[in-house]
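**Q** Give the three-dimensional model of this entry:
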Amino acid sequence: MSASSVNRRRILSLWLPRLPIDRIQRFFNSAGLGKNTNEPSIVVIKNNNALVIHALDEAAERLGLHIGQPLANARAMCPDLKVFDADVVADAKTLSDIADWCDRFTPLVALDPPHGLFLDITGCAHLFGGEAALLKTLIHALARQGFAVSAAIAGTSVCARTLTRQATTSIVADGGEAAAIDRFPVSALGADEAITTGLRRAGLKTIGDVASRAPSEITARFGARFSTLLAHALGQGDAPINPRKPLPDYIVEKRFAEPIATDTMIAMTLSRLADTLIASMEKQGKGARRLEAAFFRTDGAVRAIMVETGRPVTRSAVIDRLFRERLDALADPLDPGFGFDMVRLSASRTEIVVQEQRDLDAHVHDNDELAALIDRIAARIGGKRVVVHLPQDTHIPEQAVLAAPAQHHLTAAMQAEWPAHAESEPPLRPLRLFGQPEPVTVPFATVPDGPPHQFTWRRAKHAVVRVEGPERIAMEWWRQDGKQLTRDYFRIEDAEGLRFWIFRDGLYEGEVFDADGKPASPNWYVHGLFA
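**A** Model prediction:
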């Protein structure tokens, strides 16, 4: 066997032809409201201002109903028909949940909407006893969950998809794609209806008929896109799938013959997986920055938990501690149900570890302890809630500081240079500003650029006794097209000793106008308070 044959891609196509009606049936079963299986049921959707059949169960199919048939015709054939409205969003969520469950077979899972999936099983089928055993396991597991399933394996996704629409549990050997689909109708390729109709009118009724013609002839008549589709269906060329999730850098997992359900076993499993993961990364001198633990329940549900770190992690004890913090802080606790039959730990983001002198440099130890503390807090309350502040090159007060996640910007925060504060001088600006400047009422002020003599803020009047300013700040005209006004800021102290940072938004007789275009009085705002 040649090297190219050994590395040949193998794609498993999974099709759930009755997904909408199966989803509804599963809902009734879970609520203890299972219906009579001999009672025909359909799901309808609106198409061209008419309700047509979107999905149907076996009982309805036995009556001769079919997808796309108008509801009125279906009712005429079966007056006792049970009808449900389509819920495309719920169907997509169910398909996504099934894709999560399929991650147990391969991390390369792609959606094939509306009711299908692609699994790239290249090089991993032997883990499940071969392709036939894997296909049998997958179909039986989904059937137990209440889904009608058709699945096939081939060298390309187009060929595998074509097989699932015509024959179930098909496995095509490498190079046998053309012979496997030769007898199928051209509609099985899934091309546009106009192309399918054109092929039939040309006397090309089966895929074999189309394949017998010269590729140049097919391309000239039906376009390059259809010609490429046909080539992939015949097993020619390589058509990789588009996985819904990026492939992690490192993956380790543990499968259980008897499902586990206790917190102790879950913690022990994660700890052992962390040891294995660290050993694998250590061989290449890497550490983990983003880790994900996935728990696969026996009933098909999957729960994933992610943690991030500020620095590459090279010790399993750190991973173990972070996941313990994360699990303890879950608002929705990890529910094992009837148990987890597989636990997976993956590192989706890794970095090369830079060795540092740690014995003599106290700053390195301090930085490590601070980074570890931030990681633990972030694992418990979320990384976006632990922030550092970075100075920005702007004089606009609300934009002068950027709050950034501490895990990713700790080094930048330590190296940031802030404006120097004059000794024994009061601060020029408040330490913290309001999220939005709050309006104040100013009955009169010294014009054109003087401070107010009194103002009302939050329904309380304040008499001004001391003033510093103004500090004039012009807006960045090159960024905001002149929509913002010039501000004059004042540091004000009232009769009770409270100190405010107040600004006038706009200049008198220059920037503020009423609806008639006449000069108007600018508005005043309080932007912060001094301690």
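**Q** Run through this protein and note the low-pLDDT ranges.
**A** Scanning the chain for pLDDT under 70 picks out 1-7, 33-37, 355-366, 479-483.
**Q** Report all helices and strands that the strand or helix carrying L322 contacts.
**A** For L322, the element it lies in under DSSP states H and E is helix 316-328. Helices and strands touching helix 316-328, by 3 or more CB pairs under 8 Å, 6 or more residues apart in numbering; DSSP states H and E, are helix 263-282, strand 286-297, strand 302-313, helix 362-381. Where you see a C-beta, it was placed from the backbone N, CA and C, and this is true even at glycine.
**Q** Which strands and helices lie in contact with the following helix or strand past that helix?
**A** Using DSSP H and E, the helix or strand that follows helix 316-328 in sequence is strand 340-352. Under the contact definition 3+ CB pairs under 8 Å, 6+ apart, strand 340-352 sits against strand 250-260, helix 263-282, strand 286-297, strand 302-313.
**Q** Let me know which of the ones you listed is the nearest to Q25.
**A** Nearest to Q25, of all those, is strand 286-297, at 20.3 Å by CB to CB.
**Q** closest to R144 out of the helices and strands packed on helix 316-328?
**A** Ranking the helices and strands packed on helix 316-328 by proximity to R144 (CB to CB) places strand 286-297 first, at 13.2 Å.
**Q** just checking, what packs against that closest one?
**A** Right, strand 286-297 is packed against helix 263-282, strand 302-313, helix 316-328, strand 340-352 by 3+ CB pairs under 8 Å, 6+ apart.
**Q** Could you rerun that using 10 Å?
**A** Identification of packing neighbours for strand 286-297 by 3 or more CB pairs under 10 Å, 6 or more residues apart in numbering; DSSP states H and E yields helix 88-102, strand 250-260, helix 263-282, strand 302-313, helix 316-328, strand 340-352, helix 406-415.
**Q** which phi and psi does the nearest residue to G237 once chain neighbours are set aside have?
**A** Nearest non-adjacent residue to G237, counting by CB to CB, 6 or more residues apart in numbering: A231, 5.4 Å away. Backbone torsions of A231, given as degrees, to the nearest 10, read phi -60, psi -40.
**Q** and what of T206?
**A** Dihedral angles for T206 - degrees, to the nearest 10 - are phi -120, psi 160.
**Q** For it, list the residues it contacts.
**A** I181, D182, R183, F184, P185, V186, A188, L199, S212 (CB atoms under 10 Å, 6 or more residues apart in numbering).
**Q** thinking T196 is in contact with P185, fair?
**A** Yes. Contact status for T196 versus P185: in contact at 8.6 Å, counting by CB atoms under 10 Å.
**Q** between those two, who's got more neighbours?
**A** In this view T196 and P185 are compared by other CB atoms under 10 Å, and T196 has more residues nearby, 19 against 15.
**Q** Was I right to think I278 contacts A347?
**A** Yes. Contact criterion CB under 10 Å: I278 and A347 qualify, at 9.4 Å.
**Q** Find residues that contact each of those two.
**A** The contact lists of I278 and A347 share Y250, V252, K286, G287, A288, V313, I319, where a contact means CB under 10 Å, 6+ apart.
**Q** Including mean neighbour count and distance to A72, could the helices and strands packed on strand 340-352 go into a markdown table?
**A** Listed next are the helices and strands packed on strand 340-352 as a markdown table, based on neighbours: other CB atoms under 10 Å; distance: least, CB to CB, whole Å:
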| stretch | mean neighbour count | distance to A72 |
| --- | --- | --- |
| strand 250-260 | 15 | 49 |
| helix 263-282 | 17 | 54 |
| strand 286-297 | 21 | 43 |
| strand 302-313 | 20 | 41 |
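**Q** right, and the ones you listed - which one's nearest A445?
**A** Among those, strand 302-313 sits nearest to A445 (CB to CB), with 48.8 Å.
**Q** Which other helices and strands does the closest one contact?
**A** helix 88-102, helix 263-282, strand 286-297, helix 316-328, strand 340-352, helix 362-381, helix 406-415.
**Q** Save the ones you listed as JSON lines, and put in distance to I53 too.
**A** JSON lines is the format used below for these (distance: least, CB to CB, whole Å):
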{"stretch": "helix 88-102", "distance to I53": "15"}
{"stretch": "helix 263-282", "distance to I53": "45"}
{"stretch": "strand 286-297", "distance to I53": "33"}
{"stretch": "helix 316-328", "distance to I53": "46"}
{"stretch": "strand 340-352", "distance to I53": "37"}
{"stretch": "helix 362-381", "distance to I53": "49"}
{"stretch": "helix 406-415", "distance to I53": "51"}
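**Q** For L14, find the nearest of the ones you listed.
**A** L14 lies closest, by CB to CB, to one member of the helices and strands packed on strand 302-313: helix 88-102, at 7.3 Å.
**Q** and G339, what does it touch?
**A** F256, E258, P259, I260, A261, T262, M265, R297, T298, D299.
**Q** Could you rerun that using 8 Å?
**A** F256, E258, P259, I260, A261, R297, T298 (CB atoms under 8 Å, 6 or more residues apart in numbering).
**Q** for these, which one is nearest D120?
**A** Of all the contacts of G339, the one sitting nearest D120 is R297; the distance, using CB to CB, is 23.8 Å.
**Q** gap between that closest one and A110?
**A** Between R297 and A110 the computed distance is 23 Å (CB to CB, to the nearest Å).
**Q** What's the local residue count around V172?
**A** By other CB under 10 Å, 22 other residues sit near V172.
**Q** same question, the one 3 residues further on
**A** Burial measure for G175: 11 neighbouring residues, criterion other CB under 10 Å.
**Q** and the most centrally placed residue in the chain, helix, strand or coil?
**A** Centroid-nearest residue in the chain, with CA atoms, centre = their mean: K245, separated by 8.6 Å. Secondary structure state of K245, per DSSP: H, G, I helix; E, B strand; the rest coil, is coil.
**Q** and it, backbone torsions?
**A** Torsion angles, degrees, to the nearest 10, at K245: phi -130, psi 140.
**Q** which ones are touching it?
**A** D103, P107, V109.
**Q** For I53, pull up the helix or strand it's in.
**A** strand 50-56.
**Q** Which helix or strand lies directly C-terminal to that strand?
**A** On the C-terminal side of strand 50-56, the closest following helix or strand by DSSP H and E is helix 58-62.
**Q** For that next one, buried residues please.
**A** Judged by neighbour count using 16 or more other CB atoms under 10 Å, the buried positions of helix 58-62 are A59, A60.
**Q** tell me which strands and helices that helix is in contact with?
**A** Applying 3+ CB pairs under 8 Å, 6+ apart, one finds that helix 58-62 contacts strand 41-47.
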